[in-house]
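Student: fold the following.
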Amino acid sequence: QTEANKGKESAALAGLRASAGADARAAGDADEAYDEAETARATGGLASGGRLETKQISNIVFACDAGMGSSAMGASVLRNKITKAGITDVTVTNKAIANLDASADLVITQNQLTDRARQKTPDAVHVSVDNFMNSPKYDEVVELVRDQHQDGA
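Tutor: Residues are numbered from 1 along each chain as shown. All right, here's what the predicted structure looks like:
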């Protein structure tokens, strides 16, 4: 499954990219319709005219069952990428899903935990990954946050 997903952008990240100013794709085929439905579901229905209305991402939370092991490692990986990108006004933390609250702007979970995290933080953008230690989605998150903060959005 990981190999099949390499190079594919998640629906939530695609929606963030659209809100950051990238053109939304034209609707038409079944895959597109699925992506749009998934984006709306992933962002709590915040899709508006093919674009997402999102608040600025300043608090990223990695969430797992216990909030200690795998999410701490994932948070460390993304925190280092954020720092190397020169982004200073974004926090990256880790928590147990049970401890999630409304302060999270973007929540990263492993695929099988995303639905539980959405229940706790319906207003956050949710990104699902296969592996906390090495996900190509982290680079997309860094790029989007950097672009968003440079644009002052």
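
Student: give me the below-cutoff pLDDT ranges for this structure.
Tutor: For the chain, residues meeting the criterion pLDDT under 70 lie at 1-55, 67-68, 151-153.

Student: would you map the strands across it?
Tutor: Per DSSP state E, the chain carries strands over the ranges 47-48, 51-52, 59-64, 91-96, 106-110, 125-129.

Student: nearest to Glu140 among those strands would be which one?
Tutor: Nearest of the strands of the chain to Glu140, taken as CB to CB: strand 125-129 at 8.5 Å. From N, CA and C alone the C-beta is placed, and that goes for glycine too.

Student: that closest one vs strand 59-64, what angle?
Tutor: Between strand 125-129 and strand 59-64, the angle comes out at 40 degrees (axes from the mean of the first three to the mean of the last three CA atoms, to 10 degrees).

Student: in its sheet, which strands sit next to strand 125-129, and in what direction?
Tutor: Applying DSSP bridges to the sheet, strand 125-129 is found paired with strand 106-110 (parallel).

Student: got the angle between the partner strand and strand 91-96?
Tutor: Going by the same axes, to 10 degrees, strand 106-110 is angled at 50 degrees with respect to strand 91-96.

Student: ok, now how distant is Lys81 from Ala96?
Tutor: Counting by CB to CB, to the nearest Å, the gap from Lys81 to Ala96 is 23 Å.

Student: and Thr109, by the same measure?
Tutor: Computed as CB to CB, the Thr109 to Ala96 distance reads 11 Å.

Student: so between those two, which is more surrounded?
Tutor: Thr109 (26 against 14; other CB atoms under 10 Å).

Student: what bridges to that one?
Tutor: Applying DSSP bridges to Thr109 yields these beta-bridge partners: Ser128.

Student: how about it, what does it touch?
Tutor: The neighbourhood of Thr109, defined by CB atoms under 8 Å, 6 or more residues apart in numbering, consists of 62-64, 97, 116-117, 126-129.

Student: would you mind checking the residues you listed for buried ones?
Tutor: Buried members of these, scored by 16 or more other CB atoms under 10 Å, are 62-64, 97, 117, 126-129.

Student: domains of the protein?
Tutor: Split into domains by automatic domain parsing, the chain comes to 2-52, 59-151.

Student: with distance to Val90 added, can I get the contacts of Thr109 in JSON lines?
Tutor: Shown next, in JSON lines, are these (distance: CB to CB, whole Å):
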{"residue": "Phe62", "distance to Val90": "13"}
{"residue": "Ala63", "distance to Val90": "17"}
{"residue": "Cys64", "distance to Val90": "20"}
{"residue": "Ile97", "distance to Val90": "21"}
{"residue": "Arg116", "distance to Val90": "24"}
{"residue": "Ala117", "distance to Val90": "19"}
{"residue": "His126", "distance to Val90": "17"}
{"residue": "Val127", "distance to Val90": "14"}
{"residue": "Ser128", "distance to Val90": "20"}
{"residue": "Val129", "distance to Val90": "18"}
